[in-house]
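Enquirer: Quick one, fold the following:
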Amino acid sequence: MRLLTPLSPDLAISEIGGKAAGLRALGAAGFKIPDCRVITVKTARGIFRMSGKCLVPVPGRVAELQADAAALWPGSKLIARSSARLEDMPGSSASGIYGSFSARDAGALPDAVLSCLSSSSGARAKAYSRMCRTGIGARSDMAVLVHPYLEAEFGGVCVVYRERRAIIELSRLGPEGVTSGRDVMWRGFYDFNSNKWSGSADNPHIKKLMLLALNTALRAQRDVVRHKNIAVEFICGREGVTVLQARPLSAPNIGGGPVDMARIYLKISRLMKGLGLAGGDWSLCETSDPLAFNYLGLRRPLSDRIEHFCVVLRDGGINLSKRNGWIGIRGGHSGAQGDVFPPPGDLRCARLLSAAAKENLLFIFRRAVKNTGPVKYERFKVDGASFSMPFSCPKPGFSQAEGRFLRLRLDAESARLMLSRLSEEAENLRRIAPVLGRGAYEKRLGSAVKARLEIIVRERKTALSVFRSMAPAGGVAGLPFFPAEGFVSGPVVVDRDILKTRLKRFIYAAPDFEPSFVSYARRISAVVVSRGAMGSHAAALCAEFDIPLIVEARNLKQLATGDKVSINLRTGFVEKTGSSAAA
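Expert: Residues are numbered from 1 along each chain as shown. Now for the predicted structure:
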């Protein structure tokens with residue numbers, strides 16, 4: 001019986017492991033994969049046996065393995081790769097936990113296989129097994145993939161997350177240059193919402209290879225992996241893309257999922273009724289977030305701060321505000337006319353608005369004027385309840401007073417955050433304009449969108465001037481693995497100090513996040529690394545355990561164990577808020 005078995009369909013996943021099963025499925029779907037063979041779990045037990053705490057070769061079986069490999073790949077350099085039972089599976093990627101080892105020829109293959117099998121009982125595997133409570137670190141669950149060592153112009157990883165964004169990273173060191181975080185030469189991003197490409201690849205050949213890898217990953221996601229979040233390791237060059245691995249990834253639950261805008265509309269509708277406003281007495285202004293949802297179906301993460309909702313009071317609402325003594329505000333920071341608020345003595349309104357504020361629903365009430373325009377009604381359905389929501393066109397404005405107010409209110413970080421939000425809003429507005437209809441409301445809305453885009457240019461100029469004047473030079477900053485709204489704050493533990501820290505919760509900063517430190521995952525609130533890559537094993541592990549990750553952080557040596565910092569999860573900026581203390 002041959003010890004190196006082809007990836008035939010009749011082999012159970014429990015015998016060949018998750019990685020081998022994934023490559024088998026990719027090959028069957030027509031993808032270009034290496035010329036693989038597998039040493040099954042049962043066969044591996046026959047080649048090596050336990051002697052005390054160590055694996056030792058079984059007499060005669062090692063020679064058979066060498067002969068099999070020499071017959072298949074005479075004189076070729078080979079590689080032995082782990083394929084554990086639950087490796088590359090949803091919820092248990094085991095990314096970077098086990099090892100891959102090269103062999104100069106068939107004669108050296110048994111040593112590489114032995115090293116691969118031994119990694120299943122190493123410190124990384126034991127730590128990962130404890131964190132996942134799966135027991136996947138047992139050697140008895142390990143199969144080994146064997147194939148010739150492939151060389152190509154580039155290797156890399158393509159990561160696709162939540163059908164929103166793809167990240168393609170290339171290295172001349174092969175995929176391991178990316179997965180180890182040691183060497184990322186080019187990085188490209190593709191946004192599926194805007195169909196927009198961005199990245200550092202100015203070379204047309206590099207960009208062509210990246211897009212080819214992206215298309216391969218999307219096809220693997222559609223036809224084989226069938227998971228919203230995947231990572232595909234590959235090599236590529238003039239001959240195309242060869243897939244080495246495709247694994248599902250956990251989604252970093254930093255943003256907490258998308259906001260349910262339809263449910264928010266229902267809450268707003270009920271709130272207006274509680275304030276005494278009938279259906280025709282008010283309308284919701286279609287500002288940035290409602291526009292993005294109503295016309296593009298886009299929803300913010302739960303951790304994002306939703307903008308203030310602007311409620312326009314029509315005739316009945318204006319009369320109610322006058323009867324109940326609502327307080328009018330004129331000439332505010334934006335020069336707005338007709339803004340009103342319930343009086344402090346109206347306890348019922350105060351109670352209702354306070355309850356809404358606790359759910360991050362904040363409101364501006366504005367009296368309609370003669371040129372406010374028509375109202376559009378849209379129907380929504382939530383939990384079987386159907387309701388109608390009135391909308392009105394926004395009236396963009398940006399006065400000198402508002403510009404002065406922004407300069408007083410913004411600091412470096414809030415200016416950076418504002419620049420990011422304005423870029424996102426502008427991109428959404430440009431996509432909305434072509435899909436508007438030709439009715440009176442849509443024409444008015446189209447004019448409002450055009451005016452808002454012009455104002456965004458002025459707001460960006462203001463925010464940019466504040467940021468440039470206040471941003472600290474040479475600060476610690478990097479690239480967020482998956483940008484999200486919000487901040488993570490806490491004490492820092494640097495590099496090997498993690499082995500002796502007594503802190504129950506901390507931010508870990510180091511050149512890289514070693515998989516053997518996964519046992520600390522429940523105590524780590526964020527990871528900041530100076531090296532790293534978005535397709536690295538460390539990134540996959542951080543996503544699996546919901547740990548925010550900042551890669552390629554510059555000036556990391558400015559941080560010391562015990563420093564208190566605040567990390568902006570959207571921009572990757574790390575602000576020191578306190579000096580070093582005992583950790």
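Enquirer: By residue count, what's the longest helix in this structure?
Expert: Scanning the chain for the longest helix, with DSSP state H as the assignment, gives helix 440-470.
Enquirer: immediately after that helix, which helix or strand?
Expert: Scanning forward in sequence from helix 440-470 by DSSP states H and E, the next helix or strand is strand 476-480.
Enquirer: which residues sit against that next one?
Expert: With contact meaning C-beta atoms under 8 Å, 6 or more residues apart in numbering, strand 476-480 is reached by 528-530, 534, 548-556, 558-559, 565, 569-574, 576. The C-beta positions use only the backbone N, C-alpha and C, and glycine is treated the same way.
Enquirer: how does this protein divide into domains?
Expert: Domains of the chain are assigned by automatic domain parsing as 1-149, 151-249, 261-392, 400-470, 481-578.
Enquirer: pLDDT averaged over the shortest one - what is it?
Expert: Right, the one you point to is domain 400-470. Summarised as a single mean, pLDDT over domain 400-470 is 78.
Enquirer: what distance separates that domain from the middle of the whole chain?
Expert: Remark: domain 400-470 is offset 25 Å from the chain centroid, using C-alpha atoms, centre = their mean, to the nearest Å.
Enquirer: Repeat that for the second one.
Expert: The chain centre lies 15 Å from the centre of domain 151-249; the measure is C-alpha atoms, centre = their mean.
Enquirer: Give me the nearest residue to Leu419, chain neighbours excluded.
Expert: Ala463 (5.1 Å; C-beta to C-beta, 6 or more residues apart in numbering).
Enquirer: mind listing what the one you found touches?
Expert: Taking C-beta under 8 Å, 6+ apart, one finds Leu406, Leu410, Ala415, Met418, Leu419, Leu422 in contact with Ala463.
Enquirer: what do you get for Asp35?
Expert: Contact analysis of Asp35 by C-beta under 8 Å, 6+ apart lists Trp73, His147, Pro148.
Enquirer: Look up how far Asp111 lies from it.
Expert: Separation of Asp35 from Asp111 (C-beta to C-beta, to the nearest Å): 21 Å.
Enquirer: Please apply the same query to Val528.
Expert: 37 Å.
Enquirer: where in the stretch 1-150 of the chain is pLDDT low?
Expert: Applying pLDDT under 70 to the stretch 1-150 of the chain flags the ranges 1, 86-97, 123-124, 127, 129-140.
Enquirer: All the strands of it, residue numbers only.
Expert: With DSSP state E, counting those that start in this stretch as the criterion, the stretch 1-150 of the chain has strands at 37-39, 48-51, 54-57, 78-84, 100-103, 142-148.
Enquirer: Determine which of those approaches Asn324 most closely.
Expert: Asn324 lies closest, by C-beta to C-beta, to one member of those: strand 78-84, at 67.6 Å.
Enquirer: Narrow the contacts of Asp35 to those that are buried.
Expert: Buried by 16 or more other C-beta atoms under 10 Å: Trp73, His147, out of the contacts of Asp35.
Enquirer: export the contacts of Asp35 to CSV and tack on distance to Val184?
Expert: CSV is the format used below for these (distance: C-beta to C-beta, whole Å):
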residue, distance to Val184
Trp73, 30
His147, 25
Pro148, 25
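Enquirer: Pick the one among the contacts of Asp35 closest to Asp339.
Expert: For the contacts of Asp35, the nearest to Asp339 is His147 (68.7 Å; C-beta to C-beta).
Enquirer: how far away is the closest residue to Trp73 other than its chain neighbours from Ala80?
Expert: Nearest residue to Trp73 in three dimensions, chain neighbours excluded: Pro148, at 5.2 Å (C-beta to C-beta, 6+ apart). Distance, Pro148 to Ala80, using C-beta to C-beta: 12 Å.
Enquirer: I'd like the next helix or strand past the helix or strand hosting Ile550.
Expert: Here Ile550 sits within strand 549-554, counting by DSSP H and E. Going down the chain from strand 549-554, the next helix or strand is strand 564-568, by DSSP H and E.
Enquirer: got the CA coordinates for the following helix or strand past that following strand in PDB?
Expert: Sequence-wise, the next helix or strand downstream of strand 564-568 (DSSP H and E) is strand 573-578. Output of strand 573-578 as PDB, limited to C-alpha atoms (Å, rounded to 0.1, in the frame of the first residue of the first chain):
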ATOM      1  CA  PHE A 573      -3.800  56.200  15.300                       C
ATOM      2  CA  VAL A 574      -2.500  55.300  18.800                       C
ATOM      3  CA  GLU A 575      -2.600  58.200  21.300                       C
ATOM      4  CA  LYS A 576      -0.600  57.900  24.600                       C
ATOM      5  CA  THR A 577      -2.900  59.100  27.400                       C
ATOM      6  CA  GLY A 578      -0.700  58.200  30.400                       C
END
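Enquirer: Relative to strand 573-578, what are the paired strands and their orientations?
Expert: The pairing partners recorded for strand 573-578 under DSSP bridges are strand 476-480 (antiparallel), strand 564-568 (antiparallel).
Enquirer: Show me what counts as buried in that strand.
Expert: Buried positions in strand 573-578, judged by neighbour count with 16+ other C-beta under 10 Å: Phe573, Val574, Glu575, Lys576.
Enquirer: got it, and stretch 170-180?
Expert: Within stretch 170-180, the residues that count as buried by 16+ other C-beta under 10 Å are Leu170, Ser171, Gly174, Pro175, Glu176, Gly177, Val178, Thr179, Ser180.
Enquirer: Of those, which belong to helices?
Expert: Pro175, Glu176, Gly177, Val178, Thr179.
Enquirer: Let me see the contact set for the nearest residue to the second one once chain neighbours are set aside.
Expert: Using C-beta to C-beta, 6+ apart and skipping the chain neighbours, the partner closest in space to Glu176 is Gly155 (7.3 Å). Shown here is Gly155, whose contacts under the criterion C-beta under 8 Å, 6+ apart are 170-178, 233-236.
Enquirer: Adding distance to Val340 as columns, could you present those residues in JSON lines?
Expert: Listed next are these as JSON lines, based on distance: C-beta to C-beta, whole Å:
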{"residue": "Leu170", "distance to Val340": "57"}
{"residue": "Ser171", "distance to Val340": "60"}
{"residue": "Arg172", "distance to Val340": "64"}
{"residue": "Leu173", "distance to Val340": "64"}
{"residue": "Gly174", "distance to Val340": "65"}
{"residue": "Pro175", "distance to Val340": "61"}
{"residue": "Glu176", "distance to Val340": "63"}
{"residue": "Gly177", "distance to Val340": "61"}
{"residue": "Val178", "distance to Val340": "56"}
{"residue": "Glu233", "distance to Val340": "59"}
{"residue": "Phe234", "distance to Val340": "60"}
{"residue": "Ile235", "distance to Val340": "65"}
{"residue": "Cys236", "distance to Val340": "61"}
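Enquirer: so, if you compare the residues you listed, which one comes nearest to Val56?
Expert: Compare each of those with Val56 using C-beta to C-beta and the shortest gap goes to Glu176, at 28.7 Å.
Enquirer: List the residues that contact that closest one.
Expert: Ser100, Gly155, Arg182.
Enquirer: And it, how close does it get to Phe517?
Expert: 19 Å.
Enquirer: pLDDT score for the most centrally placed residue in the chain?
Expert: Among the residues of the chain, the one closest to the centroid is Phe482, at 3.0 Å (C-alpha atoms, centre = their mean). pLDDT recorded at Phe482 is 72.
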